[in-house]
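Trainee: okay, predicted coordinates and the sequence, questions at the end:
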Amino acid sequence: PEHAALIAPYAGRYFAAMETIWAAGNGRMPTLITEMLFPHAAASAALLEQIGDFLAAAPRWPALARVLAERADIVRRALLSRALPG
């Protein structure tokens, strides 16, 4: 989370790259890339909105939608844990 401000601007590029990766890839590789490159450190309400906008903008590969739904869950949990009294 300490690098969120550095990573947040790249989230848009992440979603743009997913189109190319999924169109060109096959097998398990697009899923692995989607999981590994996800900007977890930029967890925020804005990132959740970007995920929702990306998924709603056009039909997506079912596996891509599943991975992003899982990542949205991770972001939600991160936001909830940050909100807990420390």
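Mentor: Looks like it came in fine.

Trainee: every contact and neighbour count from this point should use C-alpha atoms.
Mentor: Will do.

Trainee: can you give me the distance of residue 7 to residue 14?
Mentor: Relative to residue 14, residue 7 is positioned 10 Å away (CA to CA, to the nearest Å).

Trainee: and residue 39, what does it touch?
Mentor: By CA atoms under 8 Å, 6 or more residues apart in numbering, the residues touching residue 39 are 7-8, 10-11, 14.

Trainee: could you dump those to a markdown table with neighbour count, secondary structure and distance to residue 46?
Mentor: Listed next are the contacts of residue 39 as a markdown table, based on neighbours: other CA atoms under 10 Å; DSSP: H, G, I helix; E, B strand; the rest coil; distance: CA to CA, whole Å:
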| residue | neighbour count | secondary structure | distance to residue 46 |
| --- | --- | --- | --- |
| 7 | 15 | helix | 12 |
| 8 | 18 | helix | 9 |
| 10 | 13 | helix | 12 |
| 11 | 19 | helix | 10 |
| 14 | 14 | helix | 14 |
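
Trainee: so which of those residues comes closest to residue 63?
Mentor: Distance to residue 63, by CA to CA, is smallest for residue 14 among those, at 16.4 Å.
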